[in-house]
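Visitor: Structure for this input, please:
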Amino acid sequence: MKNISYIALVALSICSTPSFASSNNITKQFEKFDRNQNGLLSRAETASDPALWSRFASYDKDKDGHLSLSEFTLYASQ
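Guide: Purely as a prediction, here's the structure:
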């Protein structure tokens, strides 16, 4: 029983590592865009990425004129 638990734990950690790495990478991308470090991206801050800049409004789900990390994640995970 102890061996099965250990194997399950190892398998779970292996499977979850790529999603953590991806999430960490998305956070780093977000931080690069967030020049004023306010935790939100303005449209001007996304100008260096033409694809994001041109579709900014479609990712701004709450229509507040900024992208939160969760809104940016929708873009970055595609």
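Visitor: Not counting its neighbours along the chain, what's nearest residue 27?
Guide: Of all residues beyond its chain neighbours, the one nearest residue 27 is residue 69 (6.8 Å), with distances taken as Cβ to Cβ, 6 or more residues apart in numbering. The way it works is simple: take the backbone N, C-alpha and C, and place the C-beta from them, glycine included.
Visitor: Which residues lie in contact with the one you found in this structure?
Guide: Residue 69 makes contacts with 26, 27, 30, 39, as judged by Cβ atoms under 8 Å, 6 or more residues apart in numbering.
Visitor: Mind doing that once more with 10 Å?
Guide: Contact analysis of residue 69 by Cβ atoms under 10 Å, 6 or more residues apart in numbering lists 23, 26, 27, 30, 31, 34, 39, 40, 41, 76.
Visitor: For those residues, give me CSV that also has neighbour count.
Guide: What follows is these, written out as CSV (neighbours: other Cβ atoms under 10 Å):
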residue, neighbour count
23, 14
26, 16
27, 14
30, 22
31, 12
34, 19
39, 11
40, 18
41, 25
76, 19
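Visitor: Restricted to helices, list these.
Guide: Secondary structure assignment (DSSP state H) places 23, 26, 27, 30, 31, 76 from those within helices.
Visitor: Of all pairs in the residues you listed, which one is the farthest apart?
Guide: Largest separation among the ones in helices among the contacts of residue 69 by Cβ to Cβ: 23 and 31, giving 12.8 Å.
Visitor: what about residue 35, distance to residue 78?
Guide: Using Cβ to Cβ, to the nearest Å, we find residue 35 at a distance of 23 Å from residue 78.
Visitor: ditto for residue 41
Guide: In this view, residue 41 and residue 78 are 16 Å apart by Cβ to Cβ.
Visitor: before we move on, what about residue 47?
Guide: Distance from residue 47 to residue 78, counting by Cβ to Cβ: 19 Å.
Visitor: Ok, residue 54 next?
Guide: From residue 54 across to residue 78, the span is 14 Å (Cβ to Cβ).
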